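J.: missing the sequence, but the structure's below:
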């Protein structure tokens, strides 16, 4: 079998499918990725309860059949979203991630919880407190001022604000994980 040297950062190439499958099955012989293994994949340890809840919500959004595991097809779908997904797809995923209680709306507390979690995981200090940043974001996207952000408000508000769009795009930047997996695949060929 030929060596695939194309950049998966641009797209998940068909010639790599077999290698991705082989890597997944080598790392997860049961064919299922558990929540614990998901955290290991991202190198996440000793998380606060809030950060752990965020990672669990992220895991749940990738677990499309809600069986408590990520199988190979869900894994590929997640990679495709990260690598090839357009702005609309990524924003739809972000809305689902931020809507912690699955009500169809994001409230200030949910937004604040996610912002605190992302900051804790990334370890990035900020001049603006999480509370102030959540209020700024919420005020920008809660167009009708009802205290909840609908999917439509979220999509419109984020796409009309370049700072928010950049921030959300960066929050889904998992290229370092994909690069790590690719390096491991190349060394095992």
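T.: Alright, I've got the coordinates. Note that the structure is a prediction, hence the values are computed from the model and not measured.
J.: Under the pLDDT cut-off, which ranges of this structure? List them.
T.: 1-16, 121-125, 170-189 (pLDDT under 70).
J.: now the strands: where do they sit in it?
T.: 32-33, 70-71, 105-107, 148-150 (DSSP state E).
J.: what distance separates the third one from the centre of its chain?
T.: Using CA atoms, centre = their mean, to the nearest Å, the mean C-alpha position of strand 105-107 is found 18 Å from that of the whole chain.
J.: Quickly run through the sheet partners of that strand, with directions.
T.: Take DSSP bridges as the rule and strand 105-107 pairs in its sheet with strand 148-150 (antiparallel).
J.: Outline the domain layout of this structure.
T.: According to automatic domain parsing, the chain is divided into the following domains: 16-84+174-189, 86-172.
J.: The ones you listed into TSV, with extra columns for mean neighbour count?
T.: In this view, the C-beta of every residue, glycine as well, is placed from N, C-alpha and C. Listed next are these as TSV, based on neighbours: other CB atoms under 10 Å:
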stretch	mean neighbour count
domain 16-84+174-189	15
domain 86-172	16
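J.: quick one, helices of this protein?
T.: 17-27, 35-41, 49-62, 72-84, 87-98, 108-122, 130-141, 151-159, 162-171, 175-187 (DSSP state H).
J.: who touches the residue lying closest to residue 117 once chain neighbours are set aside in this structure?
T.: Distances taken as CB to CB, 6 or more residues apart in numbering place residue 54 nearest to residue 117, at 3.2 Å, with adjacent residues excluded. Counting by CB atoms under 8 Å, 6 or more residues apart in numbering, residue 54 touches 113-114, 117-118, 121.
J.: which two in those are spaced the farthest apart?
T.: Between any two of those, the greatest separation by CB to CB is 12.5 Å, found for 113 and 121.
J.: ok, now how distant is the nearest residue to residue 169 once chain neighbours are set aside from residue 115?
T.: With sequence-adjacent residues excluded and distances taken as CB to CB, 6+ apart, residue 169 is closest to residue 90, at 6.7 Å. Per CB to CB, to the nearest Å, residue 90 is found 17 Å from residue 115.
J.: Next: residue 168.
T.: Between residue 168 and residue 115 the distance is 11 Å, computed by CB to CB.
J.: One more: residue 129?
T.: Separation of residue 129 from residue 115 (CB to CB): 10 Å.
J.: One more: residue 93?
T.: As for residue 93, its distance to residue 115 is 17 Å (criterion: CB to CB).
J.: Could you do residue 63 as well?
T.: For residue 63, the distance to residue 115 equals 23 Å [CB to CB].
J.: now residue 154
T.: For residue 154, the distance to residue 115 - CB to CB - is 14 Å.
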